[in-house]
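[1] give me coordinates for this.
(one chain, ligands or ions: 1)
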Amino acid sequence: MPERVDLRLPLRADLVDEQPYGAPQLDVAHLLNVNENPYAPPEAVVRDIADSVAAAATTLNRYPDREFLDLRADLAGYLAGESAAEGLTAHHIWAANGSNEVMLHLLQAFGGPGRTVMSFAPTYSMYPEYARDSLTEWVAGTRRADHTLDTGEVIAQIEKVRPAVVLLASPNNPTGTALPLADTRAIAQACASTGPGGAATVLVIDEAYAEFRRDGTPSALTVLGEYPHLAVARTMSKAFALAGARVGYLAAAPELIDCLRIVRLPYHLSAVTQTVARAALRHTGALQAQVAQLREERDACVTWLREQGFTVADTDANFALFGTFDDRHAVWQGLLQKGVLIRETGPEGYLRVSIGTAEDMAAFRGALKEVTGR
Ligand SMILES: *Cc1c(COP(=O)(O)O)cnc(C)c1O
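    Next comes the predicted model:
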């Protein structure tokens, strides 16, 4: 072995002491910590995906379709049916390796040095990371004590901070509560000239859990046509049971999509990913067959937790935030010892449980009773 040269790597000063982000990936019986769909894709879907990938493999010597207009058209068709969104075409859609990458593209295009991105805590823990990675200043605004947004207050905070981008998850993670459409509209209207140099603030509604929303909760997609600065992000990771494929997307005006096309890496969406996503979209019904069941399981879980005396935020997602605990880490640890992995996240004293199968939820209820003695 030659002697090793002694040196220091020039890691960016703001990254020194940072840890790679991620929830623990542990091998336990009941995985209720990252809001995955607990149901594996059905056999017929698996076969179609495998056959489609085999066909795509014959041309893997070539770079994939950089604009992936076929996939974008399929996604536009899906959204039109799912959310009664009108007038969507392939040119209104963008996609990437998870909606995490879609949102990174948004910050690469609209954020950057001297600019600010804003969200309202508690919310998705990845948002500050996109800010850091795109050298955009991060500002966390505040919510009401019950974790809902006070629209007047939100608008006042936006007018003061003047961010280039506002990220709002609806349903929010980790609280689960959806943003009423009237609030989305009011905030979108206020964002028309609150951005850098009097430009608009790009308003991103992150609807990763939209398919789980309760009846009568409309998607922000229904007002997309009114606001050229509105982007609605979705993912195939949750309701579609396709977290492993890494496919996220957004809908927005074509002018906004064109801005994202500038910053994407060439061929960022592999031919395999495009093929898998298109195959999955041919089986939307089968893949989402369990969404209704998961919503029922969620509502039952919320009712049960409240009966036990816990505080639970209203939820339109496939998870519930509940508490409060003097020592939440001890409860999390106790559940883990019984084979139930949930998430230690959100406001102090709260825990978040993803909704699993009936069997998962029975295990969760049993373990929680034992651990808390309720
Ligand atoms: C899970 C989740 C996403 C989706 O991430 P992917 O990269 O698409 O897997 C986006 N936003 C929120 C708030 C989430 O909880």
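[2] quick one: name the residues of this structure near the ligand.
    Taking Cβ under 6 Å from any ligand atom as the measure of proximity, the chain contacts the ligand at 35, 98-100, 124, 169, 173, 206, 208, 235, 237-238, 243, 248. Just so you know, the C-beta spots here come from the backbone N, C-alpha and C atoms, and that holds for glycine as well.
[3] out of those residues, name the ones that lie in helices.
    Assignment to helices by DSSP state H places the following of these there: 99-100.
[4] and the two most separated of the residues of the chain next to the ligand?
    Comparing all pairs in the residues of the chain next to the ligand by Cβ to Cβ, the longest separation belongs to Ala169 and Ala243, at 16.8 Å.
[5] surely Arg72 and Trp94 touch.
    Yes - between Arg72 and Trp94 there is a contact under Cβ atoms under 8 Å: 7.5 Å.
[6] who's more crowded, these two?
    Legend: neighbour count by other Cβ atoms under 10 Å for Arg72 and Trp94, higher for Trp94 (27 against 22).
[7] ok, the more buried one to His268 distance?
    Taking Cβ to Cβ, to the nearest Å as the measure, Trp94 falls 11 Å from His268.
[8] so what's the residue in the chain that the ligand sits nearest to scoring on pLDDT?
    Going by Cβ to the nearest ligand atom, the ligand is nearest to Gly98 of the chain, at 2.5 Å. On the pLDDT scale, Gly98 is placed at 98.
[9] begin at 344 from here
    Sure, I'll start counting at 344 from here, so that last one is Gly441.
[10] number of nearby residues for it?
    Neighbours of Gly441 under the rule other Cβ under 10 Å: 20.
[11] next: Ala393.
    There are 12 residues near Ala393, going by other Cβ under 10 Å.
[12] ok so, going back, of Ala512 and Ala586, which one has the most company?
    Using other Cβ under 10 Å as the criterion, Ala512 and Ala586 rank with Ala512 on top: 25 against 16.
[13] wait, the more buried one touches Thr466, no?
    Yes - Ala512 is within contact range of Thr466, at 5.6 Å (criterion: Cβ under 8 Å).
[14] report all helices and strands that whichever strand or helix holds Asp642 contacts.
    Element membership for Asp642, per DSSP states H and E: helix 634-650. Contact partners of helix 634-650 among helices and strands, from 3 or more Cβ pairs under 8 Å, 6 or more residues apart in numbering; DSSP states H and E: strand 654-655, strand 662-666, helix 701-715.
[15] with mean pLDDT and mean neighbour count added, can I get the ones you listed in a markdown table?
    Below are the helices and strands packed on helix 634-650 laid out as a markdown table (pLDDT from 0 to 100; neighbours: other Cβ atoms under 10 Å):
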| stretch | mean pLDDT | mean neighbour count |
| --- | --- | --- |
| strand 654-655 | 96 | 16 |
| strand 662-666 | 97 | 25 |
| helix 701-715 | 98 | 17 |
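[16] now these as CSV including distance to Val619?
    Below are these laid out as CSV (distance: least, Cβ to Cβ, whole Å):
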stretch, distance to Val619
strand 654-655, 36
strand 662-666, 25
helix 701-715, 26
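[17] nearest to Tyr406, out of those?
    Closest to Tyr406 of those is strand 662-666 (Cβ to Cβ; 38.1 Å).
[18] neighbours of the residue lying closest to Tyr610 once chain neighbours are set aside, how many?
    Residue nearest to Tyr610 in three dimensions, not counting chain neighbours: Tyr406, with 4.9 Å by Cβ to Cβ, 6 or more residues apart in numbering. Number of residues near Tyr406 (other Cβ under 10 Å) recorded here: 11.
[19] how far away is Tyr406 from Val619?
    Tyr406 is 17 Å from Val619, by Cβ to Cβ.
[20] before we move on, what about Thr565?
    29 Å.
[21] what do you get for Asp601?
    Asp601 sits 26 Å away from Val619, going by Cβ to Cβ.
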